[in-house]
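Chemist: Sequence and computational prediction follow.
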Amino acid sequence: MPLRKVRNIGIAAHIDAGKTTVTERILFFTGTTRKLGEVHDGQATMDFMKQEQERGITIASAAISCKWQDHTINIIDTPGHVDFTIEVERSLRVIDGMIALFCAVAGVEPQSETVWNQADRYKVPRIAFINKMDRIGADFYECVNQLDRDLDANPVPFHIPIGAEDSYAGSIDVIERKAVIFKEFERIVVDVPEEFRQECENARLAVVEKLADFSEEIAELYLAEKEVPSDLIKKVAREATIKMLITPVFCGSAYKNKGIHVLLDSIVEYLPSPVDKGAVVGNDISNPEKTHSRHPSPNDPFCALAFKLIHDPYVGQQTFIRIYSGKLTSGMQVYNATKDENERIGRILRIHAKDREEISEANTGDIVALIGMKYTTTGDTLCDEKNPLLLESIFIPPAVVDLKVQAPSKKEEEKLGIALRKLAMEDPSFKVRVDEETNETIISGMGELHLEIIVDRLKHEFSVEAIVGEPAVAYRETITTEATANTKFAKQTGGKGQYAHCEIRIEPNGGKGFEFVDHIKGGVIPTEYIPAIQKGIIKTMEEGILANFPVVDVRVVLLDGSYHEVDSSEMAFRTCASMCFKEAFRKASPILLEPLMEVEINTPDDYIGEVVGDINRRRGRVESMRRFRKGAQKINAFVPLSEMFGYANQLRNITSGRANYSMEFSRYVPLNKDLQEKVLKKLNEAKLAKV
């Protein structure tokens, strides 16, 4: 298959916009599946996890290949729920183009904006598909307005609907001036009905006017009031879409099998192939300032990015990779540039959702799964050992909700530990740590649903009935002033002793993370012990000091110290650095930081007062309010996560179930003094109760 005929695409949208239903219809109409899987009856091909089938939502991004008009389309179906945003993030990192899906009734919803911004981050060209045109309240043109106003998408309708709600029959292809009617599983192309001809001409003129900005040839024809050929419109539209200058808009009703043929045509017509996307750029391993390019060609050195791990009960760990250049064969040795390790390629699988096909080689542009990788995790670069480079990794948002878990018996402890390690390898937004004071296992995730799914998977996939505590906020610790500490660590135990001496200064480093500066002069501490000092400080920061939450945004300057020729060791300097950092930290006016969430609420006008009043009671701040659609408002606010537990029920109660919301992590902010004292007191009481 020529590379120009390959499309690596993702489908992304707000929860319940119909992503999985659209994918199921694509698979059916391309002949990949023989029956229509439905989300509501748990039979969707792409939602094959037990938790997805029970809840009717997508949790893990699934990959599948299909063929249309001599093209291979690799599709990644992504979740819409904000708790699984990492799944969207890593999928967008490796796809070339995206279908942004919108509900014709709800329009641009909160999570629509999130995935749109994520696609902007990775510069992913996209087309828009307005789904559910058969629903009561469907409004195609209002959706297009919202795309323009809320997402700055520069939307251009290439198809306009024939009717809406119960009377929705199909769409008009404004470029070809043809009507596309859908009956059962068939599409029938006919002339545009008389009553829609003027609307079709107006819409075609709008496309030509828009494209005239990007093409001199179209501009000349337009100004001369001459006919612009369809082929020229499509050629220029494709180029403008790939450069992210416009967003072509299509419409349909996936559930009623309407518009899917048009969507498939538009994927082939307007979304980029690996060749269109061009060379991928990576950093030199020894000199990050220097870059290297890899062209989408089997003749360039091998280069790929690992973007997902799955633990399959039948074949073990599957590592999903996107190949950007070169060729991969079974038994080949590749270099993991991120981990500085060599990996031997075992089996290569082409994945069709839960089914798998073993292949002997994979080529540029392919998305495949590898079996038997030892070191590779999400975001790692795999490349040719003689031509190494480091690709941009994947942005991983911080975990903000904690949950205490414990095994039901001593016998099950090891089983729980293995299961949690596997889940943490799969999902980089899921963290596991042990509180050394209380010996409790604490898991952290993106939200309550995220952790609920993890616990459910422990039970059904790993057969561990974990005992679970209440969800809690994942605070952070930091400092507000400068402080210095001078610590000596000396220990004599009969034989060789332990000696180390450090003097450090710590400073607030707002928003810049951890920074370590070595100011040692004259070899008062030998060079080989400096990394041990840094490691000791990092380990202490991870464990926390005030209340066992990770320490962030601190600059540490190593000023002075001394050593003993016999008794000094790396271990001694690690211990000394840890003690010294703790002493300085306690002097530096430490505070807790709490996660602040960006909350977006869509509510009917009738309940604006109650919703805003409730946000204020939760220590929230309303940032903006704007008209969402007729009779409804969109409220943007910032609210501390600690005040958002149980919010779904409260919002349902005060709006009679008519409002919906989404929230995502914004940033960490200082906790006020009174609340900090309450939080610390509560945590200390919980620890004392454990002792």
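Modeler: That came in fine, so what should we check first? Residues are numbered from 1 along each chain as shown.
Chemist: Am I right that Asp134 is in a helix?
Modeler: No. With DSSP: H, G, I helix; E, B strand; the rest coil as the criterion, Asp134 is coil rather than part of a helix.
Chemist: now the strands for the stretch 451-600 of the chain?
Modeler: For the stretch 451-600 of the chain, applying DSSP state E, counting those that start in this stretch gives strands covering 467-468, 472-473, 476-479, 483-491, 498-508, 515-518, 554-562, 590-604.
Chemist: counting contacts, what elements does the fifth one pack onto?
Modeler: In terms of contacts (3 or more CB pairs under 8 Å, 6 or more residues apart in numbering; DSSP states H and E), strand 498-508 is packed against strand 476-479, strand 483-491, strand 554-562, helix 570-587. (Each C-beta comes from the backbone N, C-alpha and C, glycine too.)
Chemist: and Gly657, which of these is closest to it?
Modeler: strand 476-479 (35.4 Å; CB to CB).
Chemist: I would like the residues contacting the closest one, please.
Modeler: 506-508, 544-547, 549-554, 585, 588-593, 668 (CB atoms under 8 Å, 6 or more residues apart in numbering).
Chemist: rewinding a little: may I see the helices and strands packed on strand 498-508 arranged in JSON lines, with distance to Ala279 as well?
Modeler: Shown next, in JSON lines, are the helices and strands packed on strand 498-508 (distance: least, CB to CB, whole Å):
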{"stretch": "strand 476-479", "distance to Ala279": "39"}
{"stretch": "strand 483-491", "distance to Ala279": "49"}
{"stretch": "strand 554-562", "distance to Ala279": "37"}
{"stretch": "helix 570-587", "distance to Ala279": "43"}
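Chemist: would you turn those into JSON lines with mean neighbour count?
Modeler: JSON lines is the format used below for those (neighbours: other CB atoms under 10 Å):
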{"stretch": "strand 476-479", "mean neighbour count": "22"}
{"stretch": "strand 483-491", "mean neighbour count": "16"}
{"stretch": "strand 554-562", "mean neighbour count": "19"}
{"stretch": "helix 570-587", "mean neighbour count": "21"}
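Chemist: Tell me which of the ones you listed sits nearest to Ile615.
Modeler: strand 476-479 (23.6 Å).
Chemist: before we move on, which element is the residue lying closest to Val280 once chain neighbours are set aside in?
Modeler: Nearest residue to Val280, sequence neighbours excluded (CB to CB, 6 or more residues apart in numbering): Tyr324, at 4.4 Å. Here Tyr324 sits within strand 316-325, counting by DSSP states H and E.
Chemist: List of residues touching the very next helix or strand once past that strand?
Modeler: Sequence-wise, the next helix or strand downstream of strand 316-325 (DSSP H and E) is strand 327-329. The contact list for strand 327-329, computed with CB under 8 Å, 6+ apart, reads Pro298, Phe302, Ala304, Val334, Ile345, Ile348, Ser360, Glu361, Ala362, Asn363, Thr364, Val368.
Chemist: What are the buried residues along the helix or strand following strand 327-329?
Modeler: Scanning forward in sequence from strand 327-329 by DSSP H and E, the next helix or strand is strand 333-336. Going by neighbour count (16 or more other CB atoms under 10 Å), the buried part of strand 333-336 is Val334, Tyr335, Asn336.
Chemist: can you list the residues that contact strand 333-336?
Modeler: Against strand 333-336 from outside (CB under 8 Å, 6+ apart): 302, 304, 328, 341-345, 375-376, 380-385, 388.
Chemist: Give me the subset of those lying in helices.
Modeler: Among the contacts of strand 333-336, DSSP state H puts none in helices.
Chemist: Just the buried subset of those, please.
Modeler: Judged by 16+ other CB under 10 Å, buried ones among those: Phe302, Ala304, Leu328, Glu343, Ile345, Thr376, Asp380, Thr381, Leu382, Cys383, Asp384, Pro388.
Chemist: What sits closest to the fifth one if chain neighbours are left out?
Modeler: Once flanking residues are discounted, Ile345 sits nearest to Met332: 4.8 Å by CB to CB, 6+ apart.
Chemist: and what of the first one?
Modeler: Distance criterion CB to CB, 6+ apart; nearest residue to Phe302, sequence neighbours excluded, is Gly326 at 3.2 Å.
Chemist: Quick check: Ser266 is in a strand.
Modeler: No. Secondary structure of Ser266 (three-state DSSP): helix, not part of a strand.
Chemist: rewinding a little: contacting residues for the residue nearest to Phe302?
Modeler: By CB under 8 Å, 6+ apart, the contact list for Gly326 reads Arg294, Pro298, Asn299, Asp300, Pro301, Phe302, Cys303, Thr364, Asp384.
Chemist: Adding mean pLDDT, write the strands of the stretch 451-600 of the chain out as CSV.
Modeler: Below are the strands of the stretch 451-600 of the chain laid out as CSV (pLDDT from 0 to 100):
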stretch, mean pLDDT
strand 467-468, 87
strand 472-473, 87
strand 476-479, 95
strand 483-491, 94
strand 498-508, 95
strand 515-518, 94
strand 554-562, 95
strand 590-604, 91
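Chemist: closest one to Pro161 among those?
Modeler: That would be strand 590-604 among the strands of the stretch 451-600 of the chain, by CB to CB, at 23.1 Å.
Chemist: Run the angle between the closest one and strand 554-562 for me.
Modeler: 170 degrees (axes from the mean of the first three to the mean of the last three CA atoms, to 10 degrees).
Chemist: What is the least confident helix or strand in this structure?
Modeler: Using mean pLDDT, DSSP states H and E, the weakest-scoring helix or strand in the chain turns out to be helix 50-55, at a mean of 38.
Chemist: moving C-terminal of that helix, what's the next helix or strand?
Modeler: Following helix 50-55 in sequence order, the next helix or strand is strand 62-68 (DSSP H and E).
Chemist: Now do the helix or strand just after that following strand: which elements does it pack against?
Modeler: Downstream of strand 62-68, the first helix or strand assigned by DSSP H and E is strand 71-77. Using 3+ CB pairs under 8 Å, 6+ apart, the elements in contact with strand 71-77 are strand 6-12, helix 19-29, strand 62-68, helix 260-270.
Chemist: Recalculate using a threshold of 10 Å.
Modeler: strand 6-12, helix 19-29, strand 62-68, helix 85-94, strand 97-103, helix 260-270, strand 316-325, strand 367-371 (3 or more CB pairs under 10 Å, 6 or more residues apart in numbering; DSSP states H and E).
Chemist: Mind checking the ones you listed for the one nearest to Thr484?
Modeler: Going by CB to CB, the one of the helices and strands packed on strand 71-77 nearest Thr484 is helix 85-94, 39.5 Å.
Chemist: So, low pLDDT: which residues of this structure?
Modeler: For the chain, residues meeting the criterion pLDDT under 70 lie at 1, 34-63, 77-87, 313, 352-355, 436-438, 493-495, 629, 688-691.
Chemist: quick one on the thing from earlier: turn the helices and strands packed on strand 71-77 into a markdown table, columns for mean neighbour count and distance to Gln492.
Modeler: Formatted as a markdown table, the helices and strands packed on strand 71-77 follow (neighbours: other CB atoms under 10 Å; distance: least, CB to CB, whole Å):
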| stretch | mean neighbour count | distance to Gln492 |
| --- | --- | --- |
| strand 6-12 | 26 | 62 |
| helix 19-29 | 25 | 66 |
| strand 62-68 | 21 | 60 |
| helix 85-94 | 25 | 50 |
| strand 97-103 | 25 | 65 |
| helix 260-270 | 21 | 73 |
| strand 316-325 | 22 | 47 |
| strand 367-371 | 23 | 52 |
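Chemist: So for Ile175, which of the ones you listed sits nearest?
Modeler: Taking CB to CB, helix 260-270 is the member of the helices and strands packed on strand 71-77 nearest to Ile175, at 9.8 Å.
Chemist: what angle do that closest one and strand 97-103 make?
Modeler: Inter-element angle recorded for helix 260-270 and strand 97-103: 140 degrees (by the same axes, to 10 degrees).
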